[in-house]
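Trainee: show me how the following folds:
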Amino acid sequence: MDILFRYLVAMVFMFSVLFIWLMVQRLSRKFASEHPEFGPAREEGGGCGGGGKCNCGSVKNCTNPKIKHTASKKNE
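Mentor: Here you go, the predicted model:
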């Protein structure tokens with residue numbers, strides 16, 4: 001019975017954390033839409049160059065100066 005109680009507590013905790021995170025995202029989007037003077041809202045992991053990598057398919061989209069770019073040209 002003790003194991004079942006621990007399992008239920010862990011499940012409730014995980015769903016609570018997920019629900020709280022979703023509410024934080026919702027509130028931040030609402031705040032960003034009500035205050036456009038702060039610029040567009042940037043979500044974690046979105047856009048080009050996330051994590052210092054350039055994986056958008058274009059050399060000009062990368063803004064990381066530490067990564068050396070070599071433009072590959074197709075031979076036709």
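
Trainee: how many residues are close by Ala10?
Mentor: 10 (other Cβ atoms under 10 Å). For every residue, glycine as well, the C-beta is placed using N, CA and C.

Trainee: what residue ranges in this protein score low on pLDDT?
Mentor: 44-76 (pLDDT under 70).

Trainee: now with 80, please.
Mentor: 1, 39-76 (pLDDT under 80).

Trainee: all helices of it, in order?
Mentor: Secondary structure of the chain (DSSP state H): helices at 2-34.

Trainee: OK, contacts around the nearest residue to Phe38 once chain neighbours are set aside?
Mentor: Excluding the flanking residues, the one nearest Phe38 by Cβ to Cβ, 6 or more residues apart in numbering is Ala32, at 7.0 Å. Neighbouring residues of Ala32 by Cβ atoms under 8 Å, 6 or more residues apart in numbering: 38, 40-41.

Trainee: just the buried members of those residues?
Mentor: For these, a neighbour count by 16 or more other Cβ atoms under 10 Å gives an empty buried set.

Trainee: okay if I get these as JSON lines plus distance to Val24?
Mentor: Formatted as JSON lines, the contacts of Ala32 follow (distance: Cβ to Cβ, whole Å):
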{"residue": "Phe38", "distance to Val24": "17"}
{"residue": "Pro40", "distance to Val24": "18"}
{"residue": "Ala41", "distance to Val24": "12"}
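
Trainee: out of the residues you listed, who's nearest Met23?
Mentor: Met23 has its nearest neighbour among the contacts of Ala32 in Ala41, at 15.5 Å by Cβ to Cβ.

Trainee: once you drop chain neighbours, what's closest to the closest one?
Mentor: Closest to Ala41 by Cβ to Cβ, 6+ apart is Ala32, at 3.6 Å.

Trainee: any idea how many residues pack against Met1?
Mentor: Per other Cβ under 10 Å, the neighbour tally for Met1 reads 5.

Trainee: next, Ala41: phi, psi?
Mentor: Main-chain dihedrals, Ala41, degrees, to the nearest 10: phi -70, psi 130.

Trainee: would you mind measuring from it to Val9?
Mentor: 34 Å (Cβ to Cβ, to the nearest Å).
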